[in-house]
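Engineer: Pasted the sequence and its predicted model underneath.
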Amino acid sequence: MPELPEVETIVRDLRPHLVGRAIAKADLIRPSVLRFGQPDSFPFRLAGQQIRAVTRRGKFIHLRLSEGDDLVVHLGMTGSLTMASASTPRALHTHLVIDLDDRSQLRYRDPRRFGRVLLGTPAQLSRLGALPRLGPEPLARGFTESGVAESLRATSRQIKAALLDQAVVAGCGNIYADEACFLARIRPIRRGSSLTRAETTRLLLALPLVMREALRLRGSSFSDFRDGFGAKGEAHEALFVYGRGGLPCVRCGATLRQTRVGGRTTVYCQRCQR
Ligand SMILES: [Zn+2]
């Protein structure tokens with residue numbers, strides 16, 4: 001599933017190709033992917049609007065449009081949002097195609113359909129609960145002082161489960177939660193309430209660090225993730241623990257332990273994570 005570094009990679013790829021372009025036509029091939037807004041009026045509402053900005057909040061991609069609408073995309077497990085030329089054949093499971101005024105296309109594809117598309121003004125989207133409440137952004141200035149430390153220490157949940165909660169930290173998922181815990185030398189299965197002040201500080205410094213490194217390597221492509229042009233990232237080759245259960249720890253050589261937290265595979269080193 002694309003997490004913050006993967007979604008941010010896509011946003012940075014798409015931004016220079018989309019900002020300033022006008023939407024010529026929108027083709028909602030599979031109306032059920034639209035979870036907010038009216039499928040019938042969707043093409044008419046988009047046509048003619050100019051894309052003013054492309055931004056990210058948590059794992060959501062926002063296209064700010066000239067008439068005050070936001071076109072929002074969440075990629076779910078297997079979604080992708082890529083630029084294509086109109087003459088490139090459409091891949092299977094392409095659910096939305098947006099034609100731009102320079103004859104390029106923005107295509108949304110999602111084989112497993114856990115992703116979603118929303119269209120509304122920011123006020124509508126927040127007032128009607130279409131978008132979930134999201135916690136602080138790990139890559140934003142002031143993240144470590146943002147109240148995340150208090151949220152983590154206040155919970156009796158396991159640290160990993162709290163990190164996956166989008167209301168606690170926006171954009172964190174399975175991969176970078178494990179990586180941050182490894183870097184901070186903290187066991188992800190511990191209760192949040194057991195964290196000392198020094199440990200929370202380490203964890204909150206580690207999370208942006210692992211995410212920035214993954215962003216530099218253009219995201220992790222274990223299976224489906226593709227950047228804004230359909231290419232794979234390289235960050236999965238540089239991970240310390242995620243996907244390495246049973247293999248030796250890169251720091252101490254002990255065998256990495258694989259378990260499950262809240263139904264999610266979790267990998268850590270029993271020797272150097274306490
Ligand atoms: Zn170790």
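Structural biologist: Yep, it's here. All values derive from a computational prediction rather than experimental measurement.
Engineer: Who are the contact partners of the residue of the stretch 101-250 of the chain found nearest the ion?
Structural biologist: Of all residues in the stretch 101-250 of the chain, the one sitting closest to the ion is Cys249 (3.1 Å; CB to the ion). Where C-beta positions appear, they are placed from N, C-alpha and C, glycine not excepted. With contacts defined as CB atoms under 8 Å, 6 or more residues apart in numbering, Cys249 is in contact with 241, 255-256, 269, 271-272.
Engineer: Recalculate using a threshold of 7 Å.
Structural biologist: Residues near Cys249 by CB atoms under 7 Å, 6 or more residues apart in numbering: 256, 269, 271-272.
Engineer: what do you get for Arg226?
Structural biologist: Contact partners of Arg226, counting by CB under 7 Å, 6+ apart, are 80, 82, 232.
Engineer: residues near the last one, how many?
Structural biologist: By that I understand Lys232. 16 (other CB atoms under 10 Å).
Engineer: Then the second one?
Structural biologist: Neighbours of Thr82 under the rule other CB under 10 Å: 21.
Engineer: any residue of stretch 225-240 up close to the ion?
Structural biologist: No: using CB under 5 Å from the ion, stretch 225-240 never reaches the ion; the gap is at least 9.2 Å.
Engineer: Pull out the buried residues from that stretch.
Structural biologist: Neighbour counts using 16 or more other CB atoms under 10 Å place 225-228, 232-233, 235-236, 239-240 of stretch 225-240 among the buried residues.
Engineer: Any idea what Pro248 is bridged to?
Structural biologist: Here Pro248 sits in beta bridges with Thr255, as judged by DSSP bridges.
Engineer: Surely it and Cys269 touch.
Structural biologist: No: the criterion here is CB atoms under 7 Å, and Pro248 misses it with Cys269 at 9.2 Å.
Engineer: Contact partners for Arg218?
Structural biologist: Contacts of Arg218 by CB under 7 Å, 6+ apart are 9, 227, 233-235.
Engineer: so it is in which element?
Structural biologist: Per DSSP states H and E: Arg218 is located in neither a helix nor a strand.
Engineer: so where do the helices sit in the chain?
Structural biologist: For the chain, the helices defined by DSSP state H occupy 4-18, 42-46, 122-127, 148-154, 159-164, 174-183, 197-216.
Engineer: Put together a markdown table for the ones you listed, with distance to Gly142, mean pLDDT and mean neighbour count on each row.
Structural biologist: Shown next, in a markdown table, are the helices of the chain (distance: least, CB to CB, whole Å; pLDDT from 0 to 100; neighbours: other CB atoms under 10 Å):
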| stretch | distance to Gly142 | mean pLDDT | mean neighbour count |
| --- | --- | --- | --- |
| helix 4-18 | 16 | 98 | 22 |
| helix 42-46 | 35 | 98 | 17 |
| helix 122-127 | 22 | 92 | 14 |
| helix 148-154 | 10 | 97 | 17 |
| helix 159-164 | 18 | 98 | 24 |
| helix 174-183 | 18 | 98 | 26 |
| helix 197-216 | 11 | 98 | 19 |
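Engineer: Now render these as JSON lines, adding distance to Arg64.
Structural biologist: Shown next, in JSON lines, are the helices of the chain (distance: least, CB to CB, whole Å):
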{"stretch": "helix 4-18", "distance to Arg64": "10"}
{"stretch": "helix 42-46", "distance to Arg64": "13"}
{"stretch": "helix 122-127", "distance to Arg64": "8"}
{"stretch": "helix 148-154", "distance to Arg64": "27"}
{"stretch": "helix 159-164", "distance to Arg64": "28"}
{"stretch": "helix 174-183", "distance to Arg64": "26"}
{"stretch": "helix 197-216", "distance to Arg64": "22"}
